[in-house]
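Student: A predicted structure for the sequence below; I have some questions about it.
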Amino acid sequence: RMKKVTQRAVCLEVALYILVASSGYLMFHQDTAGNILLNFPASDVLMNVGKAGVACALTASLPLCLHPARENFYLLFFKFSAQFRRGSDEIGKPLLSNTPGHSGTPPFGVSQRRAAEKQQQEASLLFHICVTLCMMGGALILALKVPGVSVVFSFLGATACVIICYALPIMMYVEVIEQRNMLSSRTCIWLQKIGLWALLTVLVGIGAVSASDSLSQVVAMISIGNQN
């Protein structure tokens, strides 16, 4: 039942995105801006309401994105700093473990999460403020320097989308393909692995070309802006 709900929600979301994108393009054709709200005049009251809504949504989403990013940074930082201080071999261990430890150690990385939270509490307030300001300052600098939101979407689509939607699932499936196909022959399994790695190579190549094209557009736009 949950699978059906998820599939229907995704299909509805895709249909809405296609409808909005097609409507925007059919309205302005080749004059469509990267941010379609810029195509509407400043005197349009409804569009101003939409712009205010987008601004509120982006402003409210910044803390929601900043908090997990900072927590994951702490998790990585304290793990590696503890390894260098103690000289232990913990750096080779996964951050999240699905194997319960001895003496009632909680599974699925709960113990690691608790240890990281304890270390975060021991961290100085100055360090916490510096990390937060660096993340927010970096986001602000990118927002001021990048010429348009379309460049951001194209770059994220060429990098994060390829990694999250294609690269990581393929790599995870390759790791468990032998357990899921125990009755298949070794030749069949190897052919599947070769096909998956070939697909991953093609996708990474396409993503690299798209990312380089987006970066070249950003550099060109920034240089033109500096000349003006």
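Tutor: Done, it's in. Residues are numbered from 1 along each chain as shown.
Student: Going by neighbour count, which residues in the helix or strand harbouring residue 169 are buried?
Tutor: In this structure, residue 169 is located in helix 168-180 according to DSSP states H and E. Across helix 168-180, burial judged by 16 or more other C-beta atoms under 10 Å covers residue 170. All C-beta atoms are positioned from the backbone trio N, CA, C, and that covers glycine.
Student: likewise stretch 152-161?
Tutor: In stretch 152-161, counting by 16+ other C-beta under 10 Å, buried: 152, 154, 155, 158, 161.
Student: residue ranges with poor pLDDT in the chain?
Tutor: Scanning the chain for pLDDT under 70 picks out 82-123, 147, 180-184, 221-222, 224-228.
Student: Tell me the buried residues in stretch 126-142?
Tutor: Under 16+ other C-beta under 10 Å, the buried positions of stretch 126-142 are 131, 135.
Student: mind listing what the most centrally placed residue in the chain touches?
Tutor: With distances taken as C-alpha atoms, centre = their mean, the chain has residue 160 as the residue nearest its mean C-alpha position (5.0 Å). Applying C-beta atoms under 8 Å, 6 or more residues apart in numbering, we find residue 160 in contact with no residue.
Student: How about residue 175?
Tutor: Contacts of residue 175 (C-beta under 8 Å, 6+ apart): none.
Student: where's it relative to residue 200, distance?
Tutor: Note on residue 175: its distance to residue 200, by C-beta to C-beta, to the nearest Å, is 13 Å.
Student: same check, this time on residue 3
Tutor: For residue 3, the distance to residue 200 - C-beta to C-beta - is 26 Å.
Student: In terms of neighbours, single out the busier of the two.
Tutor: Using other C-beta atoms under 10 Å, the more surrounded residue of residue 3 and residue 200 is residue 200, with 18 against 7.
Student: wait, the more buried one sits on residue 167?
Tutor: Yes: using C-beta atoms under 8 Å, residue 200 is in contact with residue 167, at 6.0 Å.
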